[in-house]
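# have a look at this prediction, sequence included:
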Amino acid sequence: MTGSARRRTGDSRYGGRVPLVAAAVCPHPPLLVPEVAGSAAPELDDLRAACDTAVRRLLAADPDIVVLVGTGPVTGPIRVPATGSLQPWGVDLYVPLVPGQPDRGAVLPLSLTVGAWLLARHDTRPPVTAVQVAADAGPAELAALADEVGAAGDRVASLVLGDGSACRGEKAPGYDDARALPYDQRVAAALADADLDALLDLDPVLSTELKAAGRAPWQVLAGAARAAGGGWRGDLLHDSAPYGVAYFVASWERV
């Protein structure tokens, strides 16, 4: 059955409506963009390749819309047109949320700028929208945002941007913290197993202390996946901490 036919008829396994059908989790360091990394770009070639694989799998699920989810100054939707800038990292590069949009419009936070850049590397792109979530967002905000993600279309795919702890070693942005590695190991296992409970149970206080920017977006993903129902299969494609910051790439699909 073609994607358009699925959208017309629905999927009887999930009551005729399939909201969230796939997800990809990627980090959002500005160094992921080669123009920003400069001569250091090859250091993140493996990470970049893993992100490309995750996004290809996301698009292969034939969504009718892709929702970007990442941290920002407030919680709520990003209205188009919207554009991210990498000028703060020394590169005069602008990344529109929607390719070919007429003007720059709203300003995308770093997480969604990197997400839009990752999507733009692929030719086949359905409509795109984005939501940002404040780093200190509480359960009610996260649940409301998860509902909004799931309601974005009949077949929704979500590209979720978030870094792990930033305390892996003395040269890490948050210096060294013995709690960082166990925290990141729990996150990696949860993303690998699509363990919704483990992600929803992440401690916001500990996450803040470890400077883990992904906690809130990951919990939005877990809430949206739970609301969608059905089972999920995860695949952890990358797990590293090259600069003292944990970077995870994962692909989720319904089973």
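Okay, I see it.
# can you map out the helices along the protein?
Secondary structure of the chain (DSSP state H): helices at 3-9, 34-37, 45-60, 110-120, 139-150, 180-193, 196-200, 204-209, 215-228.
# wait, what's in contact with P73?
Listed by C-beta atoms under 8 Å, 6 or more residues apart in numbering, the contact partners of P73 are P109, Q132, A134. Quick note: C-beta positions are derived from backbone N, CA and C, even for glycine.
# top of those residues by neighbour count?
Using other C-beta atoms under 10 Å as the neighbour test, these are led by Q132, with 24 neighbours.
# in the sheet, which residues pair with it? Tell me.
Beta-bridge partners recorded for Q132 (DSSP bridges): G70, G76.
# roughly how far does the residue nearest the centre of the chain sit from V255?
For the chain, the residue nearest the mean C-alpha position is V160 (1.3 Å; C-alpha atoms, centre = their mean). As defined by C-beta to C-beta, to the nearest Å, V160 lies at a distance of 19 Å from V255.
# before we move on, what about G244?
35 Å.
# so these two - more neighbours on which side?
Higher neighbour count among G244 and V255: G244, with 19 against 8, using other C-beta under 10 Å.
# can you tell me the closest non-neighbouring residue to the more buried one?
Nearest non-adjacent residue to G244, counting by C-beta to C-beta, 6 or more residues apart in numbering: A172, 2.5 Å away.
# what's the answer for E148, then?
Here the residue nearest E148, using C-beta to C-beta, 6+ apart, is V131, at 6.3 Å.
# tell me how many other residues surround that neighbour.
V131 has 22 neighbouring residues, counting by other C-beta under 10 Å.
# doesn't P77 make contact with it?
Yes. V131 is within contact range of P77, at 5.1 Å (criterion: C-beta atoms under 8 Å).
# identify the contacts common to these two.
What both V131 and P77 touch, as defined by C-beta under 8 Å, 6+ apart, is the set E148.
# could I get stretch 158-167 in PDB with only the CA atoms?
Only the C-alpha atoms of stretch 158-167 are listed here, as PDB (Å, rounded to 0.1, in the frame of the first residue of the first chain):
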ATOM      1  CA  SER A 158       9.600  13.700  15.000                       C
ATOM      2  CA  LEU A 159      13.200  14.800  14.900                       C
ATOM      3  CA  VAL A 160      14.200  15.300  18.500                       C
ATOM      4  CA  LEU A 161      17.400  17.300  19.300                       C
ATOM      5  CA  GLY A 162      19.200  17.000  22.600                       C
ATOM      6  CA  ASP A 163      22.600  16.600  24.100                       C
ATOM      7  CA  GLY A 164      23.500  14.400  27.100                       C
ATOM      8  CA  SER A 165      25.600  15.500  30.100                       C
ATOM      9  CA  ALA A 166      28.300  18.100  29.600                       C
ATOM     10  CA  CYS A 167      30.400  16.900  32.600                       C
END
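# tell me the mean pLDDT for that stretch?
Averaging pLDDT along stretch 158-167 yields 97.
# in the stretch 51-200 of the chain, where is pLDDT below threshold?
102 (pLDDT under 70).
# hmm, 80 instead?
99-105, 124-125 (pLDDT under 80).
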